[in-house]
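Q: Next comes the sequence, and after it the predicted model I'd like to discuss.
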Amino acid sequence: MAEETSNQEPTLVEQWLEEQREWQKTTLAYLDSIVRDEEFLTHLGNAMRGSLLAGKPYPTPVPPAASAPESDFADRLDQLLFAVRELQGQVADLRMTLDEIRAGQDKAATGADPAAGAADEGGGSNAARQADR
């Protein structure tokens, strides 16, 4: 009986799990080799820089024949675009804050919060205040 269990093939689940372990080993070995590759790290750094500077794809090396004013213009343009994106984020934050403030005022004005409504107009019924509007 002990011979029968040792001669049996692994089940489908066991085979699948073993294949997954092998794929994990292969993937980890590949990632380890890539992290040690200097060219990959250079491209990764360029990609991160490009994404930070106005969402442009990472820059390619400038040919030696290129003129200096052109590259200065590109650098200034990158800085300008970065500042514009930063301002867009700040304006979006400001709009969300204003929307939250308006929502709070609307709740107080419609009587959703009786304590806030009574404090605003010194008492009185909510129905009378809504009829005045």
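A: Yep, it's here.

Q: now the lengthiest helix in the chain: mean pLDDT?
A: If you go by DSSP state H, the chain has its longest helix at helix 68-110. Helix 68-110 shows a mean pLDDT of 85 in the predicted model.

Q: so what secondary structure elements neighbour that helix?
A: Using 3 or more Cβ pairs under 8 Å, 6 or more residues apart in numbering; DSSP states H and E, the elements in contact with helix 68-110 are helix 114-121. For every residue, glycine as well, the C-beta is placed using N, CA and C.

Q: Distance of Trp16 relative to Lys25?
A: Using Cβ to Cβ, to the nearest Å, Trp16 is found at 15 Å from Lys25.

Q: go on, Leu77?
A: 46 Å.

Q: since we're on Asp32, how many residues are nearby?
A: Counted with other Cβ atoms under 10 Å, residues neighbouring Asp32 total 9.

Q: And Gly111, by the same measure?
A: When neighbours are counted by other Cβ under 10 Å, Gly111 comes out with 15.

Q: any idea how far Ala103 is from it?
A: 15 Å.

Q: now do Phe82
A: Distance from Phe82 to Ala103, by Cβ to Cβ: 32 Å.

Q: again, but for Gln79
A: Distance from Gln79 to Ala103, counting by Cβ to Cβ: 37 Å.

Q: Compare Leu77 and Lys25 (neighbour count), which wins?
A: Per other Cβ under 10 Å, whichever of Leu77 and Lys25 has more neighbours is Leu77, with 13 against 10.
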